[in-house]
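K.L.:
turn this into a structure:
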Amino acid sequence: MATSSSSAPELMAEMIEALELEPGMRVLEIGTGTGYNAALLAYLLGSENVVSVEIDAEVADRARGALQRTGYRVKVITGDGEQGYAADAPYDRVIATAAAHTVPYAWVEQTRPGGVILVPWAETVHPDGRLARFVVGPDGIAEGRFISQAFFMPLQGQRLQPHVGFAAEERWEQAGRPDFTRYGITVTERGQTIWLDSPEHVVAAQESP
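P.N.:
Below you'll find the model as predicted:
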């Protein structure tokens, strides 16, 4: 049987605050889970302005039913969240409720210039889970930094082997244990780079598949 759980309420509140929502904004949520976070977004913006994508059909059905019973008729799509949901794009905000180590460029493409993408980040450059906040530029490049601590289960297609986290911690130690706020990420159609202090100081690079 498929299972899902809600994140800690204080973390959900912190993430919603980081989105800097305004009336009329449209949000794409990656990972519906129980539907609780989608309900909060619908309460703030209206159900018609929230789309949520869930890869597990059983979880999606349960969340869809729960949302409808509480009066929030959020559009819940059963599908691969890494593809976003282009049919209703563009969005003002994209929020992932599962950790990633790679930002799918589809999320950037489906976000308006000036829009925000919020992603819990896997332990690839820092030993702790962190929250990455990106702003999408008019050139189709998303850039941002780690802003706070956040631990989430990984996206289904982005699970990491334990040795990746061990190697990341070792590199972090060798770099002098820099504070997480010094790390930033740039995402383009060609791939992504993770940097320390400025985009010129790349510590990890990954090309798009």
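
K.L.:
next, the contact list for R171, please.
P.N.:
R171 sits next to 125, 203 when contact means C-beta atoms under 8 Å, 6 or more residues apart in numbering. C-beta: built from backbone N, CA, C; applies to glycine.

K.L.:
to clarify, my last question referred to E109.
P.N.:
So E109 contacts 84, 86, 89, 140 (C-beta under 8 Å, 6+ apart).

K.L.:
please apply the same query to L19.
P.N.:
Counted by C-beta under 8 Å, 6+ apart, L19 has contacts 27, 93, 95, 116, 118.

K.L.:
neighbours around the first one, how many?
P.N.:
Under the neighbour criterion other C-beta atoms under 10 Å, V27 is assigned a count of 25.

K.L.:
look up how far T34 lies from it.
P.N.:
Using C-beta to C-beta, to the nearest Å, V27 is found at 17 Å from T34.

K.L.:
can you pull out the helices in this protein?
P.N.:
In the chain, the segments counted as helices under DSSP state H are 9-19, 36-45, 57-69, 105-109, 162-174.

K.L.:
so which of these is nearest T78?
P.N.:
helix 57-69 (4.3 Å; C-beta to C-beta).

K.L.:
which positions in that closest one come out as buried?
P.N.:
Using 16 or more other C-beta atoms under 10 Å as the test for burial, helix 57-69 gives 59-60, 62-64, 66-67.

K.L.:
repeat for stretch 165-176
P.N.:
Going by neighbour count (16+ other C-beta under 10 Å), the buried part of stretch 165-176 is 165, 168-169, 172.

K.L.:
also stretch 25-45?
P.N.:
Residues of stretch 25-45 classed as buried by neighbour count (16+ other C-beta under 10 Å): 25-42, 44-45.

K.L.:
just the mean pLDDT for it, thanks.
P.N.:
Regarding stretch 25-45, the rounded mean pLDDT is 96.

K.L.:
centre of the chain versus the longest strand anywhere in the chain, how much separation?
P.N.:
Secondary structure of the chain read by DSSP state E shows that its longest strand is strand 111-121. Relative to its parent chain, strand 111-121 has a centroid offset of 8 Å by C-alpha atoms, centre = their mean, to the nearest Å.

K.L.:
what of stretch 153-171?
P.N.:
16 Å.

K.L.:
first-to-last residue distance for that stretch?
P.N.:
23 Å (C-alpha to C-alpha, to the nearest Å).

K.L.:
list just the nearest of the buried residues of helix 57-69 to D80.
P.N.:
Distance to D80, by C-beta to C-beta, is smallest for A60 among the buried residues of helix 57-69, at 11.8 Å.
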